[in-house]
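Chemist: Structure, please.
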Amino acid sequence: MIGIGFGPANIALAVALEEEGYDLDVRFVESRPEPSWQAAMMLDGSDIQNHPVRDLVSLRNPRSRYSFINFLFENGRLLDHLNVPMEFPLRKEYAQYVSWVAGLVPAHVDYGVRVVGVERTTDDAGEPCYRVTTSDGETLLGRALVVGTGRSPFVPEPFDTVDSPRVFHLTDYLPALERLDALAADDGGPRSVTVVGGSQSAVELTLDLARRYPRAQVHTLVRSLTLRQKDTSPFSEEGYFPEFTEYYYRAPRDRKDAIDSFMRLTNYSSADGDVLRELYRLVYEQRIDGDQRVFVRGSRQVRTVDADERGVRLTVEELNTGEVEELETDAVVLATGFRDLGPGPHQERVPALIRSVADDFRFDDHGYLEVEPHYEVRPLDARTPALFLNGLCESTHGIGDAGSFSLLSLRAKVIAESLWKRLA
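Modeler: Presented below is the predicted three-dimensional model:
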């Protein structure tokens with residue numbers, strides 16, 4: 001098996017293969033130079049948004065040595081962590097946990113290597129397989145392929161045609177700020193930064209920018225009426241149960257769309273109450289001081305963008321009144337989310353790395369890639385080698401597959417069992 005990507009999804013798969021005793025010949029290819037998770041978003045004080053026991057292994061095997069609790073224990077921080085007055089762990093600590101597991105599990109991983117080509121072929125015995133070409137010129141053959149690359153960043157119009165270091169997606173946030181600081185070094189740092197989006201990340205970025213550049217103006221542009229609080233009802237949270245995944249999978253497409261609309265606020269276009277309260281207090285205090293520098297602007301849609309070496313000029317429409325305003329800023333951070341799989345304008349037909357073999361697989365009447373309950377893509381030809389999607393199946397498996405840790409360990413178990421059946 002060849003695994004593309006070695007982030008949390010495929011790390012969990014590597015652990016499941018080891019702990020379940022599936023003795024397969026497995027090799028992972030990871031473009032980053034070392035194990036990491038959300039490295040560009042390691043913001044001071046930011047936490048994760050899932051219960052820490054929903055880690056890489058515990059729902060599948062609560063006795064695992066690779067659990068978050070054991071990570072804390074082996075690093076001498078268990079009691080200290082339990083004493084921290086926070087509902088969820090710091091993102092920095094969870095990133096350390098992910099890297100710790102990646103370094104501990106006995107997996108063959110090629111770091112700093114990109115996949116540049118995927119195609120179908122046959123091996124020396126005439127058996128169908130995939131040929132994967134890497135950036136270091138190596139050619140790998142695999143009887144099965146597991147794609148665990150994470151979803152592609154969504155860059156909406158009109159930003160999708162802009163090529164400027166002053167306009168960047170949140171996945172490049174910290175490296176982009178270093179470049180921005182270098183550009184603005186002679187001026188004492190940026191005077192204005194704009195965040196586009198209404199997600200948890202958008203609120204966290206707004207707070208981080210306000211702390212990082214205390215004299216700068218920070219404008220947050222939200223397309224909805226204003227920022228919204230995440231739906232954390234325990235009833236809604238059952239959408240992150242495996243039983244709900246099975247229920248969602250059986251629903252027809254029109255009902256899937258209705259379920260998606262209801263479940264959206266559990267994960268998208270909304271933020272946790274703690275960061276919303278912190279942001280509101282900050283804005284209120286600045287108003288008391290007569291020195292407001294952080295602004296949340298709802299019902300706003302950016303219509304045009306013009307970036308040059310001096311800054312970025314935005315034309316922004318107020319959606320309810322039609323009024324248009326011009327906004328000059330030193331940089332724009334796009335907290336605009338990611339693409340899932342599908343035919344829509346915000347989606348992508350297949351993951352980018354497998355576009356070359358996409359026509360070997362089935363799509364339903366609505367244009368969605370057909371994926372089996374066990375995450376194997378349904379082929380047109382029975383001789384097509386197995387292709388699994390690990391963490392990319394929200395459009396077929398629902399909100400529990402939305403890139404979070406919630407069901408990651410259970411999905412790894414399903415894929416590991418299916419690989420064993422197919423390959424052993």
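Chemist: What is the neighbour count of residue 420?
Modeler: 15 (other CB atoms under 10 Å). (C-beta placed from N, C-alpha, C; glycine too.)
Chemist: That one - nearest residue in space that isn't next to it in sequence?
Modeler: Leaving aside its sequence neighbours, residue 420 sits nearest to residue 22 (CB to CB, 6 or more residues apart in numbering; 4.5 Å).
Chemist: Who are the contact partners of the one you found?
Modeler: Residues in contact with residue 22 (CB atoms under 8 Å, 6 or more residues apart in numbering) are 16, 416-417, 419-420, 424.
Chemist: So among those residues, which ones count as buried?
Modeler: 16, 416, 419 (16 or more other CB atoms under 10 Å).
Chemist: Could you point out which of those residues is nearest to residue 265?
Modeler: residue 16 (31.1 Å; CB to CB).
Chemist: pretty sure the closest one contacts residue 60?
Modeler: Yes - under the criterion of CB atoms under 8 Å, residue 16 makes contact with residue 60 at 6.4 Å.
Chemist: what do those two both touch?
Modeler: 409, 412-413.
Chemist: what packs against the lowest-mean-pLDDT helix or strand in the chain?
Modeler: Sorting the helices and strands of the chain by mean pLDDT, DSSP states H and E puts helix 173-183 at the bottom, at a mean of 92. Applying 3 or more CB pairs under 8 Å, 6 or more residues apart in numbering; DSSP states H and E, we find helix 173-183 packed against strand 331-334.
Chemist: Which secondary structure state is assigned to residue 220?
Modeler: The local conformation at residue 220, judged by DSSP: H, G, I helix; E, B strand; the rest coil, is strand.
Chemist: can you give me the helices in this structure?
Modeler: Listed in chain order, the helices of the chain (DSSP state H) span 8-19, 68-74, 78-82, 91-104, 173-183, 200-212, 242-250, 253-263, 273-288, 394-397, 408-423.
Chemist: how about TSV for these, with distance to residue 40 added?
Modeler: Listed next are the helices of the chain as TSV, based on distance: least, CB to CB, whole Å:
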stretch	distance to residue 40
helix 8-19	15
helix 68-74	22
helix 78-82	24
helix 91-104	11
helix 173-183	5
helix 200-212	11
helix 242-250	29
helix 253-263	27
helix 273-288	18
helix 394-397	22
helix 408-423	20
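Chemist: Tell me which of those helices is the most buried.
Modeler: Highest mean neighbour count of those: helix 8-19, a mean of 26 (counted as mean count of other CB atoms under 10 Å).
Chemist: Which strands or helices does it pack on?
Modeler: strand 2-4, helix 91-104, helix 408-423.
Chemist: For burial, what's the neighbour tally of residue 65?
Modeler: Residue 65 sits with 15 neighbouring residues when counted by other CB under 10 Å.
Chemist: can you tell me how far it sits from residue 262?
Modeler: 38 Å (CB to CB, to the nearest Å).
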